[in-house]
Structure formats: C-alpha cells, structure tokens
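Trainee: all I have is the shape, not the residue letters:
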C-alpha cells in the first residue's frame with residue numbers, strides 16, 4: 001500500500017490544481033493504475049460530499065483522489081458539522097460483522113440473568129484494558145457474552161490462552177484469571193484450540209487490538225467502552 005502523508009497546504013494545492021473536467025471513473029482507474037503500479041486493484045470509485053473529491057476503495061482500504069486521478073490523498077475525511085469521521089464510518093460499514101455468522105463454538109460463553117442481550121468480545125489474557133472491561137461486563141444485566149481468545153500481545157499470551165481454553169471449564173478459568181488473577185492449570189496434553197481460526201477471522205475483519213466488541217446488530221467498537229455506553233449500545237442493538 002502506498003503511504004504518502006500530505007499536509008493541509010499540499011491537499012489544498014492538489015485540489016486547486018485538479019482539472020475541472022467532469023470526473024470519469026474509467027480515467028481515474030486508468031491514471032492511478034498506470035502511474036502507481038504498486039497500488040492494489042481498485043474495487044470502487046465513488047463521490048464524496050466534497051465536490052471534486054472521490055473515494056477510491058481497494059478492499060477495505062480507503063483513499064481519496066481528484067476528478068482525474070492526478071493526486072492521491074491518504075487520511076481521514078471529517079464532517080466538522082456532524083463531528084463525524086466519515087472515513088472511519090465507511091470502513092466500519094465495509095468491515096461490519098454479521099453476528100449470526102460468528103463461529104460461536106470457538107468462543108467461551110457466560111451470561112448474567114436471562115442472557116437475552118448478546119455481545120462478542122475479542123480479548124487477550126494479557127490485555128489490561130480487557131481486564132477492566134471484563135469487570136464492567138459483570139455489572140450488566142441479562143447479557144450473554146461470547147469471548148474469542150485473541151492472543152496477539154506476544155509473550156506468554158498464546159500459552160496462557162491455551163491453558164484457559166483447554167481447562168475443564170474454560171469460561172470459569174477465563175473469569176478467574178481476568179477478575180482475580182487466578183492462574184489456570186498448565187495445559188500438558190493434546191488439546192485443539194480455535195486460535196488460528198480466531199486470528200484469521202480477526203485479520204479478515206481488521207481487528208487490530210483488544211478488546212474488540214461486536215454487538216448483536218453487527219455494530220462493532222475497537223477498544224473498551226464505559227459501562228453506560230455498553231448498556232446504551234446493548235439497548236440499541238436489541239431493537
């Protein structure tokens with residue numbers, strides 16, 4: 001992927017110098033492909049809310065260009081009135097996760113109350129933010145939590161994840177470790193783990209850190225959320 005940081009002044013100059021001819025998707029594709037041979041295949045070219053600025057999508061990567069593909073811009077497009085990161089919103093839509101498609105057999109499960117509301121969490125046993133988030137989750141009523149072990153932090157994360165998954169009661173071992181620092185028994189025998197599948201799924205959905213949250217309506221959030229926001233999103237997703 002081409003990585004060319006641009007300053008605001010350069011961006012302004014680029015847009016000012018762009019040809020005024022009507023945008024031609026084919027021309028944009030042709031110019032970018034010919035001039036930037038290391039650029040991945042372009043899947044889609046579309047308009048943005050800014051006149052003369054076009055979105056170029058390659059898989060789940062988003063860049064921007066002028067009407068003729070003379071300039072390529074990398075960065076976030078911010079709607080200052082709505083205070084919304086349009087680029088982030090677009091990527092979230094592209095990488096949305098269908099909750100029904102999640103391989104829940106590869107997750108540890110625990111619930112409070114009726115368990116009627118659902119949330120999936122990608123977590124690493126050595127993640128401090130995951131620990132605090134796990135403690136907050138205990139205060140949520142009527143929720144089922146599916147935890148996908150996602151050992152990406154290095155060190156003994158893979159072994160610790162294996163010890164937890166291969167214990168007699170994985171969910172109990174997970175909560176014991178995350179809430180009370182209870183070391184799980186070391187796994188010594190043969191035990192099949194879902195970690196490779198979890199990591200492949202995370203790569204597919206661009207899950208680059210922990211915790212990563214997926215709600216029942218497909219809404220996803222990178223990082224931990226305050227307790228009130230968790231409750232608010234659970235209510236919204238249950239509708």
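Mentor: In hand now; what should we look at? Please read these numbers as outputs of a predicted model, since none were measured by experiment.

Trainee: now residue 94. Nearest residue, chain neighbours left out?
Mentor: Closest residue to residue 94 apart from its sequence neighbours, by Cβ to Cβ, 6 or more residues apart in numbering: residue 60 at 4.7 Å. (Each C-beta comes from the backbone N, C-alpha and C, glycine too.)

Trainee: check the contact between that neighbour and residue 95; I expect there is one.
Mentor: Yes: counting by Cβ atoms under 8 Å, residue 95 is a contact partner of residue 60 at 5.4 Å.

Trainee: which stretches in this protein count as strands?
Mentor: Counting by DSSP state E, one finds strands in the chain at the ranges 44-47, 54-58, 61-65, 72-73, 78-79, 84-85, 108-112, 117-123, 143-149, 212-215, 220-222.

Trainee: mind putting those in JSON lines, mean pLDDT, distance to residue 178 and mean neighbour count included?
Mentor: Shown next, in JSON lines, are the strands of the chain (pLDDT from 0 to 100; distance: least, Cβ to Cβ, whole Å; neighbours: other Cβ atoms under 10 Å):
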{"stretch": "strand 44-47", "mean pLDDT": "94", "distance to residue 178": "41", "mean neighbour count": "14"}
{"stretch": "strand 54-58", "mean pLDDT": "96", "distance to residue 178": "38", "mean neighbour count": "18"}
{"stretch": "strand 61-65", "mean pLDDT": "95", "distance to residue 178": "34", "mean neighbour count": "20"}
{"stretch": "strand 72-73", "mean pLDDT": "95", "distance to residue 178": "42", "mean neighbour count": "19"}
{"stretch": "strand 78-79", "mean pLDDT": "95", "distance to residue 178": "36", "mean neighbour count": "12"}
{"stretch": "strand 84-85", "mean pLDDT": "91", "distance to residue 178": "31", "mean neighbour count": "13"}
{"stretch": "strand 108-112", "mean pLDDT": "97", "distance to residue 178": "11", "mean neighbour count": "17"}
{"stretch": "strand 117-123", "mean pLDDT": "97", "distance to residue 178": "8", "mean neighbour count": "23"}
{"stretch": "strand 143-149", "mean pLDDT": "97", "distance to residue 178": "9", "mean neighbour count": "23"}
{"stretch": "strand 212-215", "mean pLDDT": "94", "distance to residue 178": "15", "mean neighbour count": "22"}
{"stretch": "strand 220-222", "mean pLDDT": "87", "distance to residue 178": "19", "mean neighbour count": "17"}
